[in-house]
Every structure is written in C-alpha cells, then in structure tokens.
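**Q** The following block contains a protein sequence and its predicted model.
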Amino acid sequence: MQKPTALPMIGVQHRSHLTPLTENEVRFEIDMCIGCDRCMRACPLPLSSQVNIADLNLATISDEVAPHVARFTQECVMCGSCVPVCPVNNHRDLLMLSLKQRLGISWDRNVDMSLVLEYLPQGWTLPLLLSRLREQPMFGDSQLVPDNYLKHLLSSSKLLSLVPDSILIQERTYGREMYFILDGRFMTSTLGPLGQELPIAVLGRGEFVGERGMLTGQQRTATVKAQTTAMVLEVPEQVIQRMMEVAPSVRHYFENLHNTRSIVSILKRMALFQGVADQDMHWLASKVRFRNYERDEVLFADREEAQPAREALHVILDGFVKVARMSSGSHPGQGKERIIAYRQNGDYFAGGLDMLGDGKAVTATAINRVRLAEIRREDMLVILSRYPEVNQRFMHRLQEYRVMADAAQTFIGPRDLLLRGQTQALAEAEARAGLRALVGGGVVEGTEVLVIDLDKCVHCDKCEEACERRHGHSRMNRRGMVVGNISVATACRHCQDPVCLLCSRAGIARLPSGEVYITESCIGCGICAERCPYDNISIISLNEQEAAPSSTWERFTRFFSKGVGREYGKRQLPMAQQFAMPGPLTPADGSDAIAEVRKKLAIKCDLCAGYSNQACVQACPTGAAFRVQPGQFFGSTEDILNLTTSQER
Ligand SMILES: Nc1ncnc2c1ncn2[C@@H]1O[C@@H]2COP(=O)(O)O[C@H]2[C@H]1O
C-alpha cells in the first residue's frame, strides 16, 4: 500500500488524507472511463457544464490542457461528488488531484492586475503598494514571498481609504478579514467594565490588525479606529489561508504569533505561575510545543505504555478535555468508561499517568477542538527550582488531587468542584444523561439554538412550514435531542468555533453579529455539510423543473424569495454582496462568472438574518418555539460538565 503523501497544492485541506494515484493507476482509470459524463453532471462547479469529459481525460494524461479545463481543474474543490456516480468505479477525484498536481499552484502564474490598477486611489501605484506590503513582517523576504504572491493577494483583496475616526474593527463582533496598514495611524482600544474606552496600542504603517479574528473565528478582541486618514488592505480569511499554503513562512509567522500570544497570556493568568518574572515567562513560552487535537481525538489512552510526553506539563490553550478511567470488566474491552474530570482552557495536567500523582493511567480525550501546550519536564524543573513558591503550589495541587482521589475514589478536579458536588442533590439519571448529551452533542458550544418546550408543543409543524415559506426550503427540523421537557430542534446552532467555515470559495460566512449564513459564492459542493458535526447543513439541487432564469444571481435570489408575497422586509445582507461569483480566490482572468450556471446550493438556518423576526418562532401558535443562548439557558459547557461529573460521584 502506497503511503499517503503530503499534497503539494492548495485549497484541499479537507482531503489531506488522500493517497494520490500512481501514474499507471491514472492511465488505467482513464482507459476504463466510458465517457458517460455522469461525473460532470454530478459536479457542483458551474464550469463543469462547459467541460467535456474527453477533454478532461486528455488533459489528465497529456500536455494538451485546454484553458477552460485548466480553470476547471483549479476550481475543483475536491468535494468527491463525482465518485459515487461513476459506473466503472473510477476515482475521478484522484484523477483531478493528479491533474491539479501537474498544473501546479495557480499563484505561480501571472495575475491580471487591471482591476487593481483601475481602482488605485490617487497617489498610489503598484510598486508603492508592493513596497508597503513588504514592510509587513511576514512579507519582508521576497525569496519566501515572491512579488507574484503579493500581486495575487492584492487582486483578491480590497483597498480601503479611511477618514479619521472611522471604525475599522468593532470589539465583540465577528469578522475574519485581516487588515494590513499601508498608511496612517490607528488606535486599538477595549471597553472597560464601566463602558469606558481603554486604549491598548497605537499602530501604524507596516503593522496589521484583525489577525486574531482571522485565526480563531472568535469575536474581535478590540475596537480599531483610524486616528488619521489611512489606507489599509482588507484581506479575506480565505486569501490569507491561501497565502499561508503557498508560502509556508507566512503560515509559520502567524502560527508562532498566535501560539506565543496565547501561551504567554494564559501562563500569566494561571495561579500556578503567579510571581514568575516576565522574562522567565517568555523563556518558558518559547520552549513549549504546541499540539492540536480534533474532536474525539485521544490525547492519552490508559492502555498505552507510558510515553515521554506524559512527563510533560500540559496546558490547555483552547477547548475541553475529558479525563476518564476504564473500570475493569471481567474480559478485556468490557470495562465501562468512568468520566472522572473535565479540563478546559487555562487548566493544566501533568500527563497521562501522573495526572493524579497516583501512578494510575487515565484516558484523556478531546471533547471539541483542543490546542495544547506541552512544557517539557526539564524546562518545568528550571522554573520550579528558580521559584520555590511555584514549586510549593505545584506540590500542593498534586497533594490535593491525591487527597481528593482517596476521598472520592474516582473524582479528579479542583477542590471547589468536589465541595460543590457534595452539597448538590443527585439529579435523575435521565436528566444527567440529557445534560451529558447536550455537551457531547455540541449544543452548548452553539451561540444560539432553537428549542421547543414539549409541554406546550402541539406538533403542528407550523414552525417548519413557516421556515419553508420564507426560505423556499425548510432549514430546520423541530425534532431533535430531548432534555427534560425541552427539545433542541435540528437546526444550525451558530457554533462558537464553526468548523463549517472552511470554504475556499467563501460560500459560507459569518455576519458581524454571529449568524453563519450561505453566501452567493456557494456552489453546493457539500464540504461544509460534511464538516458540520451536527448534520445541520443540507445540499439541494437547483436543476429542478424551474424555468431557466437568465443569470445565476437571478436563480439564487429567486430560490430565496419563493415565499415572497407572504414575507416582507428582508434587508440585504452586508457580507452577501462582498464576493462576486465564483468566489474571492478565482484569478481575475476576465471570465464572465454570471454566465455560469449554479447547480447546487447549501441551505442552513441563518437565524432569518436580514428579517426583523424569526419565521419559526413567529409562527408557533403556542409559544413553544424559542431561541436561546445555550450557555445561559443550559449553563456553560464547563458548568454542565462540572455538574454531571460531581453528580455521578
Ligand atoms: N494588546 C494588543 N496589542 C496590539 N493589537 C491588539 C491588541 N489587542 C488587540 N489587538 C488588535 O485589535 C484587533 C481586534 O480584532 P481581532 O481580535 O481580530 O485582532 C486584534 C488585534 O489585531
């Protein structure tokens, strides 16, 4: 079996596990193709209707690559829609992969700068723009980031000319663009507890803002306001992602920045490290190793032999970790998992075996996406020997764990949790399981969910009907996870950390107020739907019987306005207009995007963004359907986890 190779091209992170075909396999599969065209019909790319399978096959095994075939190949998002429809079981996706690899990275080719030049503000030239971009720390080296990459970046971004006092970024809104300051001065500030503006820093030419929102998808951490007239380059997240893929030095720059910033601020906040000098904190931060874990990935398994990593101190930077021990069954594999603790960002543990200091193994599993910093034992020892008070705290905590473990047999966690647990009445087993399901099912990771009070619901389906009337298709199912008398409807929860947002065409985006929605760049490839862990995104075909509208945009708006006549007052979504088809990453090569035909579309709840109310809630005759912020309604993930943990003791 051939080993998976790293993919030397871009935009296919969601298919990073693919094993490319060998040359012989490519030839064999092309020979097998019977030219039935089903793959092209299944392909969601609008351009696929203009590509003949014979031309594509020829391009795959020769140097005869017609321009439209080359463009189609670049646009291919590797969604895999072409695979299950093939009657001879060809791997059309892998054939595309091989052609993509041969054609190379599109950013190495020339870029048409005519649009950029046409809209250049007075006094600005292309060389001036490039030289200002070179002042940015991650673009300084032209060997690592050639001019051509910067031109691609420019051609897919927006130049913003700002007057003094313009707000570039508003704290606590969502946004994933980042901004390179080309001219002028900006003030970053944050709101104090009494609503007063607390200045953070003044930034100018050669600096950037918005990288935190871009990297984390979380709310903006500060307000950024122009102090003078200013010029910035607004770059969509997808374009930065592409730059990070073609220029690994840029990726390293941002990763380092992100990791170092978060580890220093987390270490500083940890009680354990109080009193450690800034210099030593930065030294420690420079020594850590960062590890990422996906949902359900195991950090340590209790059956494994001790590994060196277990000796490290692990600090959770983002996410939640479940700590469990298998109770012994009579046969191997029969033991029951006993959850003994949950750890969250800012917390630390000493490793799989040493977690309790009792030498017994535990299994630690990521509940959601987890970012971990590992501090090696020898580096930790330096700090412990230099700061006796840190050593004392560390020993005290270990001791506390031991005492608690003895007292509670299986309980591991901060002491106040244990105490809180003792005063709490045991809840019904069913309710506990429900709460656990809320956490496991990711409901509490959402920012807004639709819930139905089952005591009031008369099962009339009016909520679903109203959704369909307004949006053409219902984007929700009132049935869902049930906890007590509450049913959590199956509809997008607008997660805090939405994994669906990884779209190379910017077909899915988030409004500053948090609603995740489908943009007009969507082609319905289904990658977001596949990534959604909760099955809350569906794909529909637009090829159904409709009389052919004259343009893609008309089809799009017609689809979304089926309910028109009954529903009024939809505002235009601000971001929906931002990218013209077919997405921000397509080189500006003069193609007439509107002439292309959209075949499919993703649909999902966007909380009726742009309307003054939510159709489902409005339509409920008994007031059973309502929207809640799960963190407040059910308690935050942390609270729930703590509650269920302590109740199970
Ligand atoms: N302490 C700080 N120093 C410099 N810049 C900051 C600081 N805090 C926030 N910012 C910037 O302000 C931006 C607000 O939006 P983001 O959180 O996306 O990214 C943030 C940073 O670019």
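**A** Okay, I see it. Predicted model only: the values in this text are computed from it and were never measured. Residues are numbered from 1 along each chain as shown.
**Q** Up against the ligand, what does the stretch 201-350 of the chain have?
**A** Neighbours of the ligand within the stretch 201-350 of the chain, by Cβ under 6 Å from any ligand atom: 201, 209-213, 220-222, 224. Where C-beta positions appear, they are placed from N, C-alpha and C, glycine not excepted.
**Q** May I see the residues you listed arranged in CSV, with neighbour count and pLDDT as well?
**A** Shown next, in CSV, are these (neighbours: other Cβ atoms under 10 Å; pLDDT from 0 to 100):
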residue, neighbour count, pLDDT
Ala201, 12, 90
Val209, 21, 96
Gly210, 24, 95
Glu211, 18, 93
Arg212, 19, 89
Gly213, 22, 90
Arg220, 20, 93
Thr221, 15, 90
Ala222, 21, 93
Val224, 23, 97
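**Q** which of those sit farthest apart?
**A** Ala201 and Gly213 (16.4 Å; Cβ to Cβ).
**Q** What sits closest to Ile518 if chain neighbours are left out?
**A** Distances taken as Cβ to Cβ, 6 or more residues apart in numbering place Ala602 nearest to Ile518, at 5.1 Å, with adjacent residues excluded.
**Q** circling back to that earlier point, take the residues of the stretch 201-350 of the chain next to the ligand and keep only those in helices.
**A** In helices, judged by DSSP state H, the following of these are found: 211-213.
**Q** So the residue nearest to Ile518: helix, strand or coil?
**A** Three-state secondary structure (criterion: DSSP: H, G, I helix; E, B strand; the rest coil) places Ala602 in strand.
**Q** so who does it touch?
**A** Residues near Ala602 by Cβ atoms under 8 Å, 6 or more residues apart in numbering: 507-508, 518, 522, 524, 526, 528-529, 537-539.
**Q** Let's have those in TSV, adding secondary structure, pLDDT and neighbour count.
**A** Converted to TSV, the contacts of Ala602 look like this (DSSP: H, G, I helix; E, B strand; the rest coil; pLDDT from 0 to 100; neighbours: other Cβ atoms under 10 Å):
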residue	secondary structure	pLDDT	neighbour count
Gly507	coil	88	24
Ile508	strand	90	25
Ile518	strand	92	23
Cys522	coil	90	25
Gly524	coil	90	24
Gly526	coil	90	18
Cys528	helix	91	25
Ala529	helix	91	19
Ile537	coil	92	22
Ser538	strand	91	17
Ile539	strand	89	20
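**Q** quick check, nearest of those residues to Leu454?
**A** Among the contacts of Ala602, and counting by Cβ to Cβ, the member closest to Leu454 is Ser538, at 24.5 Å.
**Q** thinking the closest one is in contact with Ala529, fair?
**A** Yes - Ser538 lies in contact with Ala529 (Cβ atoms under 8 Å); the separation is 6.5 Å.
**Q** Now for the closest residue to the ligand within the chain: which residues touch it?
**A** Residue nearest to the ligand within the chain (Cβ to the nearest ligand atom): Gly213, separated by 3.0 Å. Contacts for Gly213 (Cβ under 8 Å, 6+ apart) come out as 169, 174-178, 219-221.
**Q** Buried only: go through those residues for me.
**A** 169, 174-178, 219-220 (16 or more other Cβ atoms under 10 Å).
**Q** Could you identify the most distant pair in those residues?
**A** Maximum distance among those (Cβ to Cβ): 14.8 Å, for Met178 and Gln219.
**Q** And what about Ala609, helix, strand or coil?
**A** coil.
**Q** hmm, back to that, is it possible to export the contacts of Gly213 to a markdown table including distance to Thr260?
**A** Shown next, in a markdown table, are those (distance: Cβ to Cβ, whole Å):
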| residue | distance to Thr260 |
| --- | --- |
| Ile169 | 21 |
| Tyr174 | 24 |
| Gly175 | 23 |
| Arg176 | 21 |
| Glu177 | 23 |
| Met178 | 17 |
| Gln219 | 21 |
| Arg220 | 20 |
| Thr221 | 16 |
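**Q** Just give me the closest of those residues to Arg205.
**A** Once Cβ to Cβ is applied, the member of these that ends up nearest Arg205 is Met178, at 15.7 Å.
**Q** Next one: Phe411, what pLDDT does it get?
**A** pLDDT recorded at Phe411 is 38.
**Q** Check Gly440 too.
**A** On pLDDT, Gly440 comes in at 71.
**Q** go on, Leu585?
**A** 36.
**Q** where does the stretch 151-300 of the chain have low pLDDT?
**A** Residue ranges of the stretch 151-300 of the chain with pLDDT under 70: none are present.
**Q** Okay, strands next: where are they in it?
**A** Using DSSP state E, counting those that start in this stretch, the strands assigned to the stretch 151-300 of the chain run over residues 158-162, 167-169, 178-183, 185-191, 197-204, 208-209, 223-226, 230-235, 289-293, 298-300.
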